[in-house]
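Visitor: Below is the structure, and that's it, no one-letter string:
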């Protein structure tokens, strides 16, 4: 996890993945309550709120178990999977015409970036974790 002399994160709060995931989850939460049609707010809106918040929760829980390599990796894998799930919900909202303000590209790009960072972070843990 140490790369180029950078300090190893002591907490999930020290990581870029946590900051990005939390900000995106807040934005998704707001968007689903403001922009979506009423019926979608409780259907697809509820699903995407849960999956976006699950990314944050899995990062936090993984850090809580970082002493155990396999568990840390497992929760980071869950975070990657929840990121993919969130992208699938975004695609469905876009394809059904539920996005009103053209935010699909912004959100989708944000989750694409987050997914890549999560994957790279997970790979760094796999390669650099001391058991």
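Guide: Received it, and whenever you're ready, just let me know what you need. Since this is a predicted model, take the numbers as computed values, not measurements.
Visitor: can you count the residues close to residue 30?
Guide: Using other C-beta atoms under 10 Å, residue 30 has 10 neighbouring residues. The way it works is simple: take the backbone N, C-alpha and C, and place the C-beta from them, glycine included.
Visitor: What are the buried residues along stretch 77-85?
Guide: For stretch 77-85, burial by neighbour count (16 or more other C-beta atoms under 10 Å) applies to 78, 79, 80, 81, 82, 83, 85.
Visitor: same question, stretch 111-128
Guide: Residues 111, 114, 115, 117, 118, 119, 121, 122, 125 are the ones in stretch 111-128 that count as buried (16+ other C-beta under 10 Å).
Visitor: From the chain's centroid, how far away is that stretch?
Guide: In terms of C-alpha atoms, centre = their mean, to the nearest Å, the centre of stretch 111-128 is found 11 Å from the chain centre.
Visitor: who's in contact with it?
Guide: With C-beta atoms under 8 Å, 6 or more residues apart in numbering as the test, stretch 111-128 has contacts from 1-3, 15-17, 20-21, 24, 55, 59, 69, 72-73, 76-77, 79-80, 83-84, 86-87, 90.
Visitor: Quick one: mean pLDDT for the helix or strand harbouring residue 72?
Guide: Following DSSP states H and E, one finds residue 72 within helix 69-95. Mean pLDDT, helix 69-95: 97.
Visitor: other SSEs contacting it?
Guide: In terms of contacts (3 or more C-beta pairs under 8 Å, 6 or more residues apart in numbering; DSSP states H and E), helix 69-95 is packed against helix 16-34, helix 44-64, helix 104-128.
Visitor: Could you check how many residues crowd around the closest residue in space to residue 35 that isn't next to it in sequence?
Guide: Spatial nearest neighbour of residue 35, excluding adjacent residues (C-beta to C-beta, 6 or more residues apart in numbering): residue 100 at 5.0 Å. If you count neighbours by other C-beta under 10 Å, residue 100 ends up with 11.
Visitor: Repeat that for the one 3 residues further on.
Guide: Using other C-beta under 10 Å, the number of residues around residue 103 comes to 17.
Visitor: With residue 48 instead?
Guide: 26.
Visitor: Quick check: which ranges of this protein have low pLDDT?
Guide: 1-7, 129-131 (pLDDT under 70).
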